[in-house]
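Undergrad: Starting from these lines, generate the structure:
(one chain, ligands or ions: 2)
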Amino acid sequence: MNLASPRQLAPSILAADFSCLGNQVSEAEKAGATRIHIDVMDGHFVPNISMGEPIIRATSKITQLPLEVHLMITNPDFFMEEFAQAGASSFIVHYEGNNNLHRTVQKAKQIGKKIGVAINPATPACVLEEILPELDLVLVMTVNPGFGSQHFLQLTLKKIGLIEKMIALNNPECELEVDGGIDASTISLAEKAGATVFVAGTSIFKSPLGIAAAMKQLSSSQNF
Ligand code: DX5
Ligand code: ZN
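TA: Ligands and ions are numbered 1, 2, ... in the order given. Sure thing, here's the model as predicted:
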């Protein structure tokens with residue numbers, strides 16, 4: 001845990017107003033976002049359908065920020081090249097349901113993209129042990145994937161701490177990101193546990209404060 005580093009915010013456009021997506025992403029960029037998080041869902045891996053190639057392509061025209069594409073889909077290998085051509089900078093794939101995770105990780109690297117692995121709330125940290133040295137990022141899901149606006153699951157905090165230690169020992173350059181239910185009260189809990197990158201959808205794009213003020217609050221809030 002490094003409390004001296006600024007919090008890296010990754011706004012998730014799942015919660016954005018798609019009738020003015022360009023403005024919303026630009027506002028988040030001006031307010032200090034370090035990447036844009038794009039949630040791709042297929043209705044099989046998770047019980048929801050969200051967005052795909054056209055939104056990745058459109059978002060890449062709006063912003064200079066890296067586009068982090070979170071693949072909540074059954075066959076991530078089938079889509080990585082298409083999404084890379086559309087402007088994806090990095091991919092996050094799930095441990096769950098992937099019989100050949102190492103192959104998926106290698107595929108992302110072969111096409112020159114950064115790669116992260118996500119684990120769901122009920123999945124233990126130990127499944128990352130062998131693959132961790134290969135990764136640019138670990139994503140701890142702090143809700144069950146599939147929907148925005150869910151409550152942060154505190155049971156994930158211990159696991160975040162365990163993974164922080166695994167990263168320090170085995171791959172210190174690897175980022176530790178959290179996704180789901182991150183708001184002004186939960187962000188400091190996740191940070192104290194060891195996370196350094198914070199995906200936030202609802203608390204940014206649906207905040208009554210507006211995008212810039214919501215991001216400012218997320219950047220500085222403490223929960224003692
Ligand atoms: C959930 C997605 C998240 C989602 C987070 O399956 O992976 O990225 O957008 O949304 P909030 O911040 O509303 O919990
Ligand atoms: Zn996500």
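Undergrad: By proximity to ligand 2, which residue of this protein wins?
TA: When scored by Cβ to the ion, the chain has residue 70 as its residue closest to ligand 2, at 3.7 Å. Every C-beta, even on glycine, is put in place using the N, C-alpha and C of the backbone.
Undergrad: Touching, that residue and residue 38? I think so.
TA: Yes - at 6.7 Å, residue 70 counts as touching residue 38 under the criterion of Cβ atoms under 8 Å.
Undergrad: Quick check: nearest residue in space to the residue of the chain closest to ligand 2, chain neighbours excluded?
TA: The spatially closest residue to residue 70, leaving aside those adjacent along the chain, is residue 92, at 4.5 Å (Cβ to Cβ, 6 or more residues apart in numbering).
Undergrad: Could you pull out the helices in this protein for me?
TA: Ranges of helices within the chain are 21-30, 53-62, 80-86, 101-110, 157-170, 187-193, 202-205, 211-220, based on DSSP state H.
Undergrad: which one of those has the most crowded surroundings?
TA: Compared across those, helix 202-205 shows the largest average neighbour count, a mean of 24 (mean count of other Cβ atoms under 10 Å).
Undergrad: Off-centre distance for that one?
TA: Here helix 202-205 is found 14 Å from its chain centre; the criterion is Cα atoms, centre = their mean, to the nearest Å.
Undergrad: how about it, does it get close to ligand 1?
TA: Yes - applying Cβ under 6 Å from any ligand atom, one finds helix 202-205 in contact with ligand 1 at 202, 203.
Undergrad: which outside residues touch that helix?
TA: When contacts are taken as Cβ atoms under 8 Å, 6 or more residues apart in numbering, the neighbours of helix 202-205 outside the stretch itself are 9, 11-13, 15-17, 24, 28, 148-149, 182-184, 211, 214-215, 218.
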